[in-house]
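*Asks:* Attaching a predicted model along with its sequence, questions to come.
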Amino acid sequence: MPPGGVLLVPGPLLQGLGLAFDVVVRLRMRPAARRRRTPEDRAWELPAFDRYDAEVDPAALADAVVLSDHPDRPALMLGGRFLT
């Protein structure tokens, strides 16, 4: 990585594993929206996301949270270092 470079690490279930990131932006979708948007053949994944949200609370660990229930109208919530 060159000096000043930016590395984006995508992964819906990475928080809470002890990985050291400089900034964490969480794309959050409420369970009802997640169920509506998940194709039927991938519905088996939904309990894992619900459990992850309940046990890890990734939004509380993030520096910023983007509410993405409606991808055409995302809402940004700032937290952590961005509030100071």
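*Replies:* Happy to help now that I have it.
*Asks:* Mind telling me which residue is nearest the centre of this structure?
*Replies:* R26 (3.0 Å; CA atoms, centre = their mean).
*Asks:* if I look at that residue, how far off is G4?
*Replies:* Distance of R26 to G4, computed by CB to CB, to the nearest Å: 24 Å. All C-beta spots, glycine's among them, are computed from the backbone N, C-alpha and C.
*Asks:* following the longest helix along the chain, which helix or strand shows up next?
*Replies:* Criterion DSSP state H: the longest helix present in the chain is helix 46-56. Downstream of helix 46-56, the next assigned helix or strand under DSSP states H and E is helix 58-61.
*Asks:* residue ranges of the strands in this structure, please?
*Replies:* Using DSSP state E, the strands assigned to the chain run over residues 25-28, 64-67, 75-78.
*Asks:* export those to TSV and tack on mean pLDDT and distance to W44?
*Replies:* Shown next, in TSV, are those (pLDDT from 0 to 100; distance: least, CB to CB, whole Å):
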stretch	mean pLDDT	distance to W44
strand 25-28	88	21
strand 64-67	88	25
strand 75-78	79	29
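*Asks:* And these: which comes nearest G11?
*Replies:* strand 25-28 (10.7 Å; CB to CB).
*Asks:* Now do the closest residue to D69 other than its chain neighbours against G16, distance only.
*Replies:* Distance criterion CB to CB, 6 or more residues apart in numbering; nearest residue to D69, sequence neighbours excluded, is A33 at 3.9 Å. The gap separating A33 from G16 is 22 Å, by CB to CB.
*Asks:* so what's R28 bridging to?
*Replies:* L67 (DSSP bridges).
*Asks:* tell me, how many neighbours does it end up with?
*Replies:* 19 (other CB atoms under 10 Å).
*Asks:* Please name the nearest non-neighbouring residue to M29.
*Replies:* S68 (5.2 Å).
*Asks:* what's the burial count for the one you found?
*Replies:* S68 has 18 neighbours, counted by other CB under 10 Å.
*Asks:* and it, what is it in contact with?
*Replies:* Applying CB atoms under 8 Å, 6 or more residues apart in numbering, we find S68 in contact with L27, R28, M29, A33, P74.
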